[in-house]
Structures are given as C-alpha cells and as structure tokens.
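S.K.: Return atomic coordinates for the entry below.
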Amino acid sequence: MNKVFTWMAWIGVPLSVIGSVFHWSALLMFVIYCLTIIALASYMGRATESLAIVAGPRIGGLLNATFGNAVELIISIFALKAGLVEVVLASLTGSVLGNLLLVAGLSFFVGGLKYKRQEFNVYDARHNAGLLTFAILVAFVIPEVFTMDMSDQDKLALSVGISIIMIILYLAALYFRLVTHRGVYQQKSEIIEEHEKPEWTKGKSILILALATIAVAYISERLVHTFETVAESFGWSELFIGIIIVAIVGNAAEHASAVIMAYKNKMNVAVEIAVGSTLQIAMFVAPVLVLVSLLFPEKMPLVFSLPELIAMVVSVLLTIVLSNDGDTNWFEGATLLAAYTIMGIGFYLL
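M.R.: Numbers count the residues shown, from 1 in each chain. Predicted coordinates for the structure are as follows:
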C-alpha cells in the first residue's frame, strides 16, 4: 500500500502543478488534488509514527497537528487579507467539528473494528476535557453573550483580550505536559517496546513531515479555487463548503494520520492528533488570526454565528462524555460520526 501511495504522490504533485499552470478542468483538478493530498497523508502518517516511537506519542501527535494546522493558518491569513472573515470563521468551526467528530469518530470506529477495546491515556483525556471546556464553552461562548449590545470596536477589544489569554494558556499547557509534568501521568501502555524500530530517524521524519506539509499547503490552496465550480455542479452552499468541505480537505492529511494510528492500535497518538489539533485550532490558531486581522482593513472579532457555536459546544460535550474514561470502541466512533453527519445535513440545508 505504501508503494501505491508513493507513486500517487510522485505523479500527483507534478500533475497538480502542471494542471494549475495550464488551467485544466476544475472538476478534473478537484479529483487530482484530493488524490494527491491522500497520498501525501500517507507520508505524514509514516513520519508521525516514526516520531511517536522516537520521541513519544505526545511529541509525534503534536508535530503532526502543528504541521497540519500550519496549512490552515496560512490559507486563513490570505482569506482575511481578502476580507473573507465569515469564511475564516466557518472554516475554524469546521476544523473543530471535523477533528472532534469526524477524525476521532473515524479513528475510534476503524480501530474498533480491528480491536474490541482500545485504551489511551485517561489523564490526558481529562486534561484535554478541561481545556476543551475552557476553549469552546468559555472563550467562544463568552464573546457571544457579552457582545450582544456592544459596538464593533468593543467586540474587537474583547476578542483581542480573550485571544491573548488563550494563547498564553495554550503555551502554558504545552509547558505543563512537555516539561514540568512530562511522564508524570504516563501509563504502562505508552511504554514503547524495545523491538519496535522507527521507519525513519527523527531528523528525517521531521524533514519529510515539513516537505509533505508544504506540498499539501500548495495543493490545498489550489484546491480551494476549484470549490466554486464543484459547488455549482453539486448544488453546495458557501456555508456548507466552508464548514464541511474546506475543513475536511484542508485537514485531510492529519485526518488520515490519526486513522492510520488507530488502526495500528496507537490510540495515544490518534487522540493526540484529533483532540490536540482541536485545542491548537481553538486556543492558538483562532486567537492568532484575530490578532493578525488587526493588520488588515477587515477585522475579525471572535464571534461565531449561533448555529456554529451550538454545533461546537455539542461536539465538545459529546467528545468529553465518550472519551473521558480513556477507553473506546467502534460504537462510540459510530456515535461521533452520526453526530457529524447530522450537523453536516443541517449546515447543508441552512
């Protein structure tokens, strides 16, 4: 299978460049871009697995999520520069829903089909539950409540203050898990067996992860330009494209990595990618975009629409209920996927 993905990547990347230069059919390029991103996701998954063996599941999952979210951050900055604030907010919502319901759901479901019961670090699950509650239920809901009667200037001031606090707390959380309390809450299942050898060295894994991310960033940016044509062909709305389609495609690489890790029963890495990526989006990427928007004529306050906000809150609550015990199975994955499907239908019809 790795050989197939290798050939797909080596053929897909040049075709993506050639097709964009010579303006091939948007529908054809949509297919080429999607297949190439899937192939590149294989490389990112293998690099993440090697890093997880060498540096541990936390570092491996964190690096995968960071490189994956870097793509979305870059695309969102260009969208803000173009004044597409609503599209950026919709894509952030889609990333939260996609990571918590689609990625975690697929990981639990696919892994559960192979293993009847899968475990991951329950201490990390509870730690993440607290941060998710803060990021979505506090930092995202508070602006919605307090800005009802505020002027646009006051909304932006509140958003900037919340963004700075969230970035500081996110960096503190990383320091807590990776420095002051590294290994304190480690479980026996996290100890890597001596015979397990990484496919690539730490340096090579990071290099491949970085190069694959750059390729995915380029192709994802090209892919966005095909959405209008594809949307017209299938009758998709802009809101549905922003929350569902852009979020799925923009994070396809890290999505695939999480599912691959779950299939190999490496649930600590899979959960770190899915939940860790959500926390990074909510507590770092979104606040950074608020601060960056200050440089552009169109500012972005941290205020979501009511459907977006309710969807994110429900996703967080459902994820916490199902994952707080550090144990999962295929049925819990199916439950998360069902919730994602219901929300997808809702946003499609909205």
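
S.K.: Looking at the lengthiest helix in the chain now, give me its mean pLDDT.
M.R.: Under DSSP state H, the helix in the chain containing the largest number of residues is helix 26-55. Helix 26-55 shows a mean pLDDT of 81.

S.K.: Pull out the buried positions in that helix.
M.R.: Neighbour-count burial for helix 26-55, counted by 16 or more other C-beta atoms under 10 Å, picks out 26, 29-30, 32-55. C-beta coordinates here come from the backbone N, C-alpha and C atoms, glycine included.

S.K.: Tell me the helices and strands packed up against it.
M.R.: helix 2-21, helix 57-81, helix 202-224, helix 227-234, helix 246-250, helix 252-263, helix 267-280 (3 or more C-beta pairs under 8 Å, 6 or more residues apart in numbering; DSSP states H and E).

S.K.: I'd like those helices laid out as JSON lines, including mean neighbour count and distance to residue 97.
M.R.: Below are the helices and strands packed on helix 26-55 laid out as JSON lines (neighbours: other C-beta atoms under 10 Å; distance: least, C-beta to C-beta, whole Å):
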{"stretch": "helix 2-21", "mean neighbour count": "15", "distance to residue 97": "27"}
{"stretch": "helix 57-81", "mean neighbour count": "22", "distance to residue 97": "14"}
{"stretch": "helix 202-224", "mean neighbour count": "20", "distance to residue 97": "18"}
{"stretch": "helix 227-234", "mean neighbour count": "14", "distance to residue 97": "18"}
{"stretch": "helix 246-250", "mean neighbour count": "24", "distance to residue 97": "7"}
{"stretch": "helix 252-263", "mean neighbour count": "27", "distance to residue 97": "12"}
{"stretch": "helix 267-280", "mean neighbour count": "29", "distance to residue 97": "9"}
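
S.K.: nearest to residue 180, of these?
M.R.: helix 57-81 (13.4 Å; C-beta to C-beta).

S.K.: the inter-axis angle of whichever helix or strand comes after the closest one versus helix 202-224?
M.R.: Counting by DSSP states H and E, the next helix or strand C-terminal to helix 57-81 is helix 85-97. Counting by axes from the mean of the first three to the mean of the last three C-alpha atoms, to 10 degrees, helix 85-97 lies at 130 degrees to helix 202-224.
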